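Peer 1: Mind folding the following:
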Amino acid sequence: MKTKTKLIVGALSGVAATFALSKTLDKLVDEHLHRDGIAVIKHKLMTKKNREDFASNPEVNLGKLFHASTPQTELSILNREGRTINALLFKQENESKKYVIIVHGYRASVKSVSYLSKRYFEAGYNVLLPYLRAHLGSDYEYSTMGWYERFDIVDWINHINRTELNAKIVLHGVSMGAATILMTTGEKLPKNVICAIEDCGYTSVYDAYTYKIPKMMKLPAFPFINIFKRTIKRRTGFDIKEASALEQVKKSKTPTLFIHGDADTVVPVEMAKILYKNASCEKELLITRNANHEMSALLYPDKYWGTIWNFIKKFE
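Peer 2: Down below sits the predicted model:
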C-alpha cells in the first residue's frame with residue numbers, strides 16, 4: 001500500500017507540476033502576444049540608451065508635430081477573414097496617385113512611425129498606416145508578429161486599388177513592420193506595388209525569439225524556444241518557425257531595399273544580410289554605421305532618404 005500511495009502521490013505531483021508549467025507558459029505567451037500584455041510593455045526590447053536616443057531625436061519630434069497637426073481619416077474595412085481591420089490615412093489635399101503603406105513595429109503604434117509619415121507626405125504621398133493585430137487600434141486579441149498580418153496588408157493594397165485608379169504603392173516597414181512587409185512580398189501582389197522598403201526586420205519569428213529570449217525572459221534559448229513555440233501554436237494558432245520573412249523573400253518579385261544598423265541590439269544586422277542574400281527580387285542593401293534599432297533614419301536622414309528616393313525612382 002505504501003508503494004502504491006507513493007506512486008499515486010508522485011503521479012499527482014507530476015500532473016500538478018505539468019499543469020503549473022502550462023499555466024506559466026500560457027501567461028508568458030499572453031504577456032508577449034496578447035493585446036493586454038502588449039499594452040503593458042513589461043519587457044522593453046530596446047536598451048535604455050536606444051529608447052532615449054530615439055525619443056529625443058529631432059526627426060521623431062518633428063514627426064509627432066506632423067501627426068498632431070495634419071488632417072487624418074480613420075478607415076475600417078473587412079479583411080479576408082471577415083474581421084474588421086483599421087488604419088489611419090493622411091490624404092493629400094490635391095489628388096495624388098502615390099501611396100505608401102507604412103507598417104509600425106512590435107509594441108508600437110502608428111504614431112511611432114510619424115517621422116516616416118511626415119517625409120512621405122511632404123513628398124506627395126498619401127500615407128496609409130495599418131493598426132497591426134493586437135496593437136492599439138486593432139480588434140484582434142493576438143499578434144502573429146507579421147505572419148497573418150501580411151494578409152491584412154494585401155487586403156489594404158486591394159482596398160487602395162478598389163478606391164483609386166492607377167495608384168502606385170510603396171510598402172515601408174520598421175522592425176516587426178519590416179518583417180511584415182517582407183512576409184507580404186512573398187504573396188502574389190498587384191504590379192502597381194512598385195517596391196518595398198524594410199528597415200531592421202527579422203528573418204523569422206522563431207529566429208527573433210531565439211535571439212531575444214535570454215535577454216527578455218532570462219531563460220536559455222534552447223530548449224525553451226521549442227517549448228515556447230508549441231505553446232504559441234496552441235494559444236494563437238500560428239507557428240513561429242513557419243512565420244518566416246526569409247522564406248517569403250525567396251519567392252518575392254517586389255523590388256526591395258534592405259536597411260539595417262550595424263549596432264542593432266534588438267535584431268542583429270546579420271539577419272539583414274541573410275535576407276538580402278536570399279531575396280529573389282531586384283534588391284539593394286544599406287548598412288548604417290553605429291546605428292542601433294530603428295535609428296538609421298534618425299542618425300543619417302540624408303543618406304537614408306536619398307537612398308530611398310533613388311530606389312523608388314527606378315520603379316515609378
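Peer 1: what about the strands in the stretch 201-316 of the chain?
Peer 2: 256-261, 283-288 (DSSP state E, counting those that start in this stretch).
Peer 1: And the ones you listed: which comes nearest residue 129?
Peer 2: Nearest to residue 129 among the strands of the stretch 201-316 of the chain is strand 256-261; the distance by Cβ to Cβ comes to 18.9 Å. (Each C-beta comes from the backbone N, C-alpha and C, glycine too.)
Peer 1: Off-centre distance for the closest one?
Peer 2: Distance, stretch centre to chain centre, for strand 256-261: 14 Å (Cα atoms, centre = their mean, to the nearest Å).
Peer 1: Would you tell me which one of the strands of the stretch 201-316 of the chain is buried the most?
Peer 2: Among the strands of the stretch 201-316 of the chain, strand 256-261 has the highest mean neighbour count (mean count of other Cβ atoms under 10 Å), at a mean of 26.
Peer 1: Kindly confirm my reading that residue 74 is in a strand.
Peer 2: Yes - with DSSP: H, G, I helix; E, B strand; the rest coil as the criterion, residue 74 is part of a strand.
Peer 1: Report the contact partners of it.
Peer 2: Shown in contact with residue 74 (Cβ atoms under 8 Å, 6 or more residues apart in numbering): 86-89.
Peer 1: let's see it at 10 Å
Peer 2: Going by Cβ atoms under 10 Å, 6 or more residues apart in numbering, residue 74 touches 86-89, 131, 137.
Peer 1: Equivalent analysis for residue 249, please.
Peer 2: Neighbour list for residue 249: 182-183, 185-186, 196, 198, 201, 203, 256, 258, 274-281, 283 [criterion: Cβ under 10 Å, 6+ apart].
Peer 1: one more time with 8 Å, if that's ok
Peer 2: Neighbours of residue 249 in contact, by Cβ under 8 Å, 6+ apart: 182, 185-186, 256, 275, 278-281.
Peer 1: and the contacts of residue 74, which of them are in strands?
Peer 2: Counted as lying in strands by DSSP state E, out of the contacts of residue 74, are 86-89.
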